[in-house]
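[1] Sequence and predicted structure are below.
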Amino acid sequence: MHESAPMLEMSNIVKTFPGGVTANDHVNFSVAPGEIHALLGENGAGKSTLMKILFGVYSKDAGEIKLRGSPVDIDSPKAAMDLGLGMVHQHFRLVGRLSVAENIRLGGAGPLPDGPSTMARLRNLLSATDAASKERREIERLVEDYGIDIDLDARVWELDVGVQQRVEILKSLYNDVDLLILDEPTATLPDQEKEQLFETLRSLREDGTTIILITHKLTEVTEIADRTTVLRDGNVVDTIPVAEADRDRLAEMMVGREVLFDIHREDVEPGDVRLEVDGVTALDDRGYQALDGVDFSVRGGEIVGLAGVSGNGQEQLAECLVGLREPTGGRIEVDGVDLTDASPQRFAKSGVSYIPADRYERGVAPEMSLTHNAILKNHREFTSGGRLDYASAREFTQGLIDEYDIMAQSPDMSANKLSGGNLQKLIVGRELSRQPDVLVAQHPTRGVDVGSMEYIREVILQQTHDGTGVFLVSDDLDEVMQMSDRIIVIYEGRIVHTTTREAADRATIGRYMMEGEHADDDGAAVQVGDAA
């Protein structure tokens, strides 16, 4: 397959940003027709920049691009789409109040203001005859051909992230792409959604579509890709067939050193109860019951991990524990103090730190500087006489940048200029610098590369030595099983199983995740505390 003329050739591509940061340093990158080619590297290695140059989002400073053997000048996303390129960005470009079919028909229009006047204009453009239109029939054909399970009439805002991603892929297919670029497509997907995505990609490959997969996840490379090109610090390390790759070799190519995948846990004697959750109930945003009598506790020096299939109440539970969602019943105590109806500010003042699932929506103010984001929760420490001591705050932020190896030009740059993984490290550093009594860590390593993942896990484990109680929510079952002292399983808003790290069995946990109380052969729910 790979001996034919390349579908894509990018030769000596150079891209330098203001401040002298070279994102791509004479990069050579070639993709064969009909292959899935993984572009692998750490956060900030230059992967997304290279693909944004290919898709016309950025202009290159030097180099040449050839498609199907012919030089091309791609100066905009529209020019890229006209050449048969499609790109699914990490942050989707959908209109929430329009239906799936309407978003697909809008195609490459990009993100649009979601206001009443815009909606009226768009609906007039799309017209009320959608169901009988030629465009609708074409969309239905694509859905059937690629086996994509989706309701074309559902409003996008109602869909979970995995389904929204399918909408983005369908948008590209509707535009008749030959080469599809996916930027970190599984960064926010649970395992079951990831498998559905991979099945779609395999179908596309069989149909002759060429796919570039931007990723930092080694398992994705070995599971789905034909070849991989590894970038480090804006340079190509090598391009190799996946058949010749293994996890250890790829990780060392990415970070330039050996990476330890097994988490070493030192025993920590649990202290007093830091977090007590008693009979908590809560509704989701639609008014449906999301939590149904949740009980558990977390002691100082202990990590309690929550396992469950996405959508079973994990998000609502984490929000209740930091004051972002008001429970409809039950009690939440931190260090013996009832905070059930408290504000996020009071939770923070009471010693609760929070690593949110969505770093952009909940973790930072994207337009503000790294310094302002680093002191969001402890700005009073840097304020005297009503004035911010910016020099001191800046020095604190530089300390986080150095300690957490955040690839940032300076503490003064805006947060939205950081790659996703580096932004995650800033949030983790900020939250742990507060020396919390309780840490609610929601997908703390989501969207970070293997080297950063190793470091974040280490610093969270180290925090338990200082007496912090950690409540860990993660879609990565391996992470939950390796890091947690106790593991609890949530199903349809209820805790249905608990176990210890020593007694944990992956198959048993998986069964409870999928079947709830029915996973117990005796028909009785396993209560939290049985294994405590």
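    Structure's in. What do you need?
[2] Any idea how far stretch 167-178 is from the middle of the chain?
    22 Å (C-alpha atoms, centre = their mean, to the nearest Å).
[3] Arg136 contacts Ala101, correct?
    Yes - with contacts counted by C-beta atoms under 8 Å, Arg136 reaches Ala101, the gap being 6.1 Å. Every residue, glycine included, has its C-beta placed from N, CA and C.
[4] Compare the two (neighbour count), which wins?
    Ala101 (25 against 16; other C-beta atoms under 10 Å).
[5] show me what contacts the closest residue to that one other than its chain neighbours?
    Spatial nearest neighbour of Ala101, chain neighbours left out: Leu152 (4.2 Å); criterion: C-beta to C-beta, 6 or more residues apart in numbering. For Leu152, the contacting residues are Ser99, Val100, Ala101, Ile104, Arg136, Ile139, Glu140, Val143, by C-beta atoms under 8 Å, 6 or more residues apart in numbering.
[6] Where does Leu152 sit: helix, strand or coil?
    Three-state assignment for Leu152 (DSSP: H, G, I helix; E, B strand; the rest coil): coil.
[7] Next one: it from Ala32, what distance?
    Relative to Ala32, Leu152 is positioned 34 Å away (C-beta to C-beta, to the nearest Å).
[8] same deal with Gly363?
    39 Å.
[9] Packing partners of the helix or strand containing Gln316?
    Gln316 belongs to helix 314-320 when assigned by DSSP states H and E. Here helix 314-320 touches strand 273-283, strand 289-299, strand 438-442, strand 469-473, going by 3 or more C-beta pairs under 8 Å, 6 or more residues apart in numbering; DSSP states H and E.
[10] got the contact list for it?
    280, 282-284, 290-291, 294, 306, 308, 325-327, 332, 354, 356-357, 440, 442, 471, 473, 490, 493.
[11] what residues go with each domain of this structure?
    8-255, 271-351+436-532, 361-435 (automatic domain parsing).
[12] Check the offset of the longest one from the chain's centre.
    Same thing as domain 8-255. 15 Å.
[13] With the shortest one instead?
    For domain 361-435, the separation from the chain centroid amounts to 20 Å (computed by C-alpha atoms, centre = their mean).
[14] what's the span of it, first residue to last?
    In domain 361-435, first residue to last residue: 23 Å (C-alpha to C-alpha, to the nearest Å).
[15] Strands along the stretch 51-200 of the chain, start to end?
    62-67, 70-71, 85-88, 179-183 (DSSP state E, counting those that start in this stretch).
[16] Quick one: mean pLDDT for the second one?
    So the one you mean is strand 70-71. For strand 70-71, the mean per-residue pLDDT is 96.
[17] got it, and stretch 15-33?
    In this model, stretch 15-33 has a mean pLDDT of 91.
[18] Which residue is the nearest non-sequential neighbour of Ile427?
    Nearest non-adjacent residue to Ile427 (C-beta to C-beta, 6+ apart): Gly363, at 4.5 Å.
[19] scratch that, Phe396 is what I was asking about
    That would be Ala374: by C-beta to C-beta, 6+ apart, it lies 6.4 Å from Phe396.
[20] wait, what's in contact with the one you found?
    Ala393, Phe396, Thr397, Leu400, Pro411, Leu426, Gly429, Arg430.
[21] Find me the pLDDT at the last one, would you?
    In other words, Arg430. pLDDT, Arg430: 95.
[22] Specify the local secondary structure of it.
    helix.
[23] ok, it to Ser392 distance?
    Taking C-beta to C-beta, one finds Arg430 at 15 Å from Ser392.
[24] Could you check which of these two is surrounded by more residues?
    Using other C-beta under 10 Å as the criterion, Arg430 and Ser392 rank with Arg430 on top: 24 against 15.
[25] Does that one touch Leu376 like I think?
    Yes - the pair Arg430 / Leu376 is scored as a contact, 7.2 Å apart, by C-beta under 8 Å.
[26] Need the residues touching each of the two.
    Common neighbours of Arg430 and Leu376 (C-beta under 8 Å, 6+ apart) do not exist.
[27] Backbone dihedrals for the residue in the chain sticking out farthest from the centre, please?
    Largest separation from the mean C-alpha position in the chain: Gly385, at 40.0 Å (C-alpha atoms, centre = their mean). Backbone torsions of Gly385, given as degrees, to the nearest 10, read phi 60, psi 30.
[28] who are the neighbours in contact with it?
    Contacts of Gly385 (C-beta under 8 Å, 6+ apart): none.
[29] Give me the distance between it and Gln164.
    Gly385 is 48 Å from Gln164, by C-beta to C-beta.
[30] Please apply the same query to Gly44.
    The value you get for Gly44 to Gln164, if C-beta to C-beta is used, is 26 Å.
[31] When these two are compared, which one has more neighbours?
    Gly44 (24 against 19).
[32] Isn't Gln424 up against Ser452?
    Yes - at 7.3 Å, Gln424 counts as touching Ser452 under the criterion of C-beta under 8 Å.
[33] intersection of neighbour lists for these two?
    In contact with both Gln424 and Ser452: Thr445, using C-beta under 8 Å, 6+ apart.
[34] Low-confidence ranges, the stretch 51-200 of the chain, go.
    The model of the stretch 51-200 of the chain has pLDDT under 70 over residues 107-132, 188, 190-191.
[35] For it, which segments count as helices?
    Ranges of helices in the stretch 51-200 of the chain, per DSSP state H, counting those that start in this stretch, are 77-82, 100-106, 116-126, 134-145, 161-174, 191-206.
[36] would TSV of these with distance to Glu517 be doable?
    TSV is the format used below for the helices of the stretch 51-200 of the chain (distance: least, C-beta to C-beta, whole Å):
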stretch	distance to Glu517
helix 77-82	49
helix 100-106	34
helix 116-126	44
helix 134-145	35
helix 161-174	26
helix 191-206	20
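[37] deepest of the ones you listed, which one?
    Greatest average neighbour count among the helices of the stretch 51-200 of the chain goes to helix 100-106 (a mean of 24), per mean count of other C-beta atoms under 10 Å.
[38] Which neighbouring elements make contact with that one?
    helix 116-126, helix 134-145, helix 161-174.
[39] check contacts around Gly330.
    Here Gly330 is in contact with Val277, Asp278, Gly279, Val280, Thr281, Gly293, Val294, Thr340 (C-beta under 8 Å, 6+ apart).
[40] That one falls within a strand, correct?
    Yes - judged by three-state DSSP, Gly330 forms part of a strand.
[41] who's in contact with stretch 462-474?
    Stretch 462-474 has contacts (C-beta under 8 Å, 6+ apart) with 266, 268, 271, 273-275, 298-307, 314, 317-318, 321, 357, 432, 435-446, 460, 479-480, 483-484.
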